[in-house]
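K.L.:
sequence plus the predicted model coming up.
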Amino acid sequence: MTTSRYLADHAITCNGDVSLLSDVAIDVTNGRISWIGKQADAPVHHGPTSELGGLVMPGLVNSHAHTPMTLVRGAGDGLPLMDWLTKVMWPREGQMTVEDALWGMRLGAAEMLLSGVTSTCEMYLFEDALVEAATEIGIRLAITPGIISAVHGNSLAAVDNRITEIAEFHSEYHDPESLITVGFGPHSAYDLPLEVCSEIASAAQDLQTLLHIHVCETATEGAALEAQNGGRSTVQLLSDHGIFDGRVLAAHSIWLNNVDIETFAQKGVGVAHCPVSNMKLASGTAPITAMRAKGIDVGLATDGPASNDDLDLWQEIKFAPLLARVSSLDASSMTPQDALTMATVEGSRAIGNDDVGTLEVGAKADFIRLNLDDPTFVPVTNDDELIAHVAWAGSGRHVTDVWVGGTQVVADGRLPNFDLEQALHEVQSRGKRLAEDSGT
């Protein structure tokens, strides 16, 4: 079994206190980190050695995305969420084919890897195409096939076939030792009846896999449901129906009260925080500081590229603490270390990948290299300043090399064996067709 060694000037480990190591060596054996520490302390090594220089850190984790929506990027700008979905997004997506989704995912996965995102949690249809694209390009994928009333019905009888499909898909592709894990993606409690959500949650619990659902994205989306149930909040209704009894990822989670936050904490619900999408759609500001104070795992996410409009998680790393600070009028409410933790190990835990997102022995070797020879990283007078530079000024342009499971998937800013120009052409022509065919 060959061990590969990587030498770097600095490493941000994102384990525990987000420590910074200098003159670091990382050994990778069978896709996992087998040793990390100072080069001077490294064990004897006779295998291949790569002199990276720069700074290495864990790959970023996009904890909530609809990546094939690269095909509808930018459409419907300025509309509130429900009009945006019903008048633009769903009509265009209704024209989408498997091949469309395949090319949309290929381009989006390329965009993510080139910016240092090594894992993505996807809620979408055409799940086979998403797995094909992710496997081709080498990104780690937590796929939660979508269940939407407009496509799959909103009764137990109508959705049973979809549950069976996803269970069979899980048995074929779910393998935590591979790049692919599989969960269930019911859209939301305002789209599907609570009884249907409960049935889907039971199926996920039976398979001990992730349930991924939109929760309280806007102030009004749950009004009708809550009025029908005596004013009880959407979070409490979901809890009442056993939907939080397994491993759950709640996307957005903006309009939560203190009782809702306590429920998330008690049930171990993870949250995907989408600050840029939430701002673009004027959905609100999630109470992330309060959630994390209760021990809730909060990952960062882009949401779909139609509501962001890109898949570069560095924007979320910057905007999450900015939003937390300006909404609390407290500049200490969220640190650069907090933001980097959310973008890596905390996001990994939230989506159910517990051995990704850190540089420590035993973790999967998903890591990225940043070029520090850039004006935005100068000067550095102490460790905290370098960490702050990465969080506040880091961007996809600084990412030069990317490894997933020990395999290099980006080298010197390029994707080996992937025709980016073809993907750009395909998504352009297919996106134009969707707009024309839907009349939007």
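P.N.:
That came through, no problem. Quick caveat: nothing in here was measured; it's all calculated off a predicted structure.
K.L.:
and the closest residue to Arg140 other than its chain neighbours, how many residues sit next to it?
P.N.:
Excluding its sequence neighbours, the residue lying closest to Arg140 (Cβ to Cβ, 6 or more residues apart in numbering) is Ser119, at 4.1 Å. In this view, the C-beta of every residue, glycine as well, is placed from N, C-alpha and C. Ser119 sits with 28 neighbouring residues when counted by other Cβ atoms under 10 Å.
K.L.:
who does Ser119 bridge with?
P.N.:
When bridges are called by DSSP bridges, Ser119 pairs up with Val61, Arg140.
K.L.:
just checking, it touches Val356?
P.N.:
Yes: using Cβ atoms under 8 Å, Ser119 is in contact with Val356, at 6.0 Å.
K.L.:
next, show the common contact partners of the two.
P.N.:
Residues touching both Ser119 and Val356 (Cβ atoms under 8 Å, 6 or more residues apart in numbering) are Gly59, Val61, Arg140, Ser348, Asp366.
K.L.:
domain parsing of the protein, as residue ranges.
P.N.:
Following automatic domain parsing, the chain resolves into domains at 3-58+365-410, 60-350.
K.L.:
what would the ones you listed look like in TSV with mean pLDDT?
P.N.:
Listed next are the domains of the chain as TSV, based on pLDDT from 0 to 100:
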stretch	mean pLDDT
domain 3-58+365-410	96
domain 60-350	96
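K.L.:
on that earlier part again, buried subset of the shared contacts of Ser119 and Val356 as a ChimeraX selection?
P.N.:
Filtering the shared contacts of Ser119 and Val356 down to the buried ones (16 or more other Cβ atoms under 10 Å) takes a single ChimeraX command:
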select :59,61,140,348,366
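K.L.:
what segments of the stretch 201-350 of the chain are helices?
P.N.:
Counting by DSSP state H, counting those that start in this stretch, residue ranges of the helices within the stretch 201-350 of the chain are 223-228, 234-240, 258-267, 275-280, 288-293, 314-328, 336-343, 345-350.
K.L.:
most packed of the domains of the chain?
P.N.:
Highest mean neighbour count of the domains of the chain: domain 60-350, a mean of 21 (counted as mean count of other Cβ atoms under 10 Å).
K.L.:
between the two ends of it, how far is it?
P.N.:
Using Cα to Cα, to the nearest Å, one end of domain 60-350 lies 13 Å from the other.
K.L.:
wouldn't Thr2 be in contact with His45 here?
P.N.:
No: under the criterion of Cβ under 8 Å, Thr2 is not in contact with His45, lying 10.7 Å apart.
K.L.:
Thr285: which of the shared contacts of Ser119 and Val356 is nearest?
P.N.:
Set against Thr285, the nearest of those by Cβ to Cβ is Val61 (21.5 Å).
K.L.:
picking up where we left off before, for Glu436, which of the domains of the chain is the nearest?
P.N.:
Using Cβ to Cβ, the domains of the chain put domain 60-350 closest to Glu436, at 9.0 Å.
K.L.:
doesn't Gly76 make contact with Ala435?
P.N.:
No: Ala435 is beyond contact range of Gly76, at 10.5 Å (criterion: Cβ under 8 Å).
K.L.:
all strands for the stretch 51-200 of the chain, in order.
P.N.:
Using DSSP state E, counting those that start in this stretch, the strands of the stretch 51-200 of the chain run over residues 55-58, 60-65, 117-124, 140-147, 180-182, 185-186.
K.L.:
partner strands of the fifth one, with direction?
P.N.:
Strand 180-182 has these partner strands in its sheet, going by DSSP bridges: strand 140-147 (parallel).
K.L.:
so for His398, which of the helices of the stretch 201-350 of the chain sits nearest?
P.N.:
Closest among the helices of the stretch 201-350 of the chain, once you apply Cβ to Cβ, is helix 314-328, at 8.4 Å.
K.L.:
residues making contact with the closest one?
P.N.:
Outside of helix 314-328, the residues that reach it under the criterion Cβ under 8 Å, 6+ apart are 60, 115-116, 273-276, 279, 285, 288-289, 300-302, 308, 331, 333-336, 338-340, 342-343, 391-392, 394-396.
K.L.:
okay, the angle between it and strand 117-124?
P.N.:
Taking axes from the mean of the first three to the mean of the last three Cα atoms, to 10 degrees, one finds helix 314-328 and strand 117-124 inclined to each other by 80 degrees.
K.L.:
report the inter-axis angle for helix 314-328 versus helix 336-343.
P.N.:
On the basis of the same axes, to 10 degrees, helix 314-328 is oriented at 120 degrees to helix 336-343.
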